[in-house]
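S.K.: sequence-free structure coming up:
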């Protein structure tokens with residue numbers, strides 16, 4: 001598929017206030033892109049623009065006509081949908097207008113639930129699930145859609161470390177299999193461990209885009225989160241981590 005989406009000098013605003021502008025970003029097949037920034041910086045708005053739900057107010061957004069799936073931070077429904085029902089909604093493209101999901105659709109849904117380790121949620125009603133369980137079900141729904149581009153808004157926000165690792169490793173595998181994937185996160189570690197590219201949204205007209213190892217240095221992360229951040233090399237692994245210094249130094 002090659003390049004899936006390219007954003008050139010795009011901007012978006014609410015009223016007179018720009019959420020972001022002069023933003024450059026490229027999503028390509030086989031690449032996993034992490035988007036980081038403080039609360040309210042426009043990460044969710046950027047995903048909605050990249051998905052086509054919103055139109056940029058300046059700049060150019062070009063995209064190949066590819067199947068796209070979007071996983072929101074949360075989703076509320078008053079209908080008594082089960083986990084299986086929610087996942088089957090991702091098969092809408094393969095089910096004709098006057099048909100119901102068939103055996104192959106149910107098999108794909110069960111496989112996606114199993115891959116995420118949540119097969120036990122198939123018969124549980126969606127509205128009684130925890131936030132983390134709902135997030136995993138929504139990711140399973142995206143997987144069965146057979147998308148080529150996958151956008152996820154803070155997919156690990158409500159998950160414990162075990163499930164964070166499970167989801168991020170799965171995203172890495174999907175990118176390696178050829179998908180173009182972008183996800184938002186508050187954790188630099190997610191980008192350092194898994195991403196090919198990273199976008200830092202520091203201010204409306206100030207973004208940094210590039211390789212995680214080059215972009216995620218201590219000064220950039222400290223500016224981004226407005227606290228001191230330290231990069232630490234891990235002695236027993238060829239990895240490094242980013243640690244925020246939340247408590248002021250003792251006087």
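M.R.: Nice, thanks for sending it over. The shown structure was predicted, so the numbers you read here are calculated from the model rather than taken from an experiment.
S.K.: now the stretch 101-250 of the chain, which segments are flagged as low pLDDT?
M.R.: By pLDDT under 70, the weakly predicted segments of the stretch 101-250 of the chain are 236-237, 250.
S.K.: need the helices for it, in chain order.
M.R.: 103-115, 131-143, 161-176, 188-194, 212-215, 218-225 (DSSP state H, counting those that start in this stretch).
S.K.: which one of those helices lies closest to residue 16?
M.R.: Residue 16 sits nearest to helix 218-225 of all the helices of the stretch 101-250 of the chain, at 24.6 Å, using Cβ to Cβ. Where you see a C-beta, it was placed from the backbone N, CA and C, and this is true even at glycine.
S.K.: re earlier: can you check which of the helices of the stretch 101-250 of the chain gets nearest to residue 55?
M.R.: helix 131-143 (22.9 Å).
S.K.: Off-centre distance for that closest one?
M.R.: Mean-position distance between helix 131-143 and its chain equals 12 Å (Cα atoms, centre = their mean, to the nearest Å).
S.K.: which helices and strands does it pack with?
M.R.: Judged by 3 or more Cβ pairs under 8 Å, 6 or more residues apart in numbering; DSSP states H and E, the packing partners of helix 131-143 are strand 68-71, helix 83-88, helix 103-115, strand 149-152, helix 161-176.
S.K.: list the buried ones in that helix?
M.R.: 132-143 (16 or more other Cβ atoms under 10 Å).
S.K.: Please enumerate residues in contact with that helix?
M.R.: Identification of contacts with helix 131-143 by Cβ atoms under 8 Å, 6 or more residues apart in numbering yields 69-75, 83, 86-87, 89-90, 109, 112-113, 115-116, 118, 121, 124, 126, 129, 150, 152, 155-160, 163, 167, 170, 174.
S.K.: Can you tell me which of the residues you listed are buried?
M.R.: Buried members of the contacts of helix 131-143, scored by 16+ other Cβ under 10 Å, are 69-71, 73, 83, 86-87, 90, 109, 112-113, 116, 118, 121, 126, 129, 150, 152, 155-159, 163, 167, 174.
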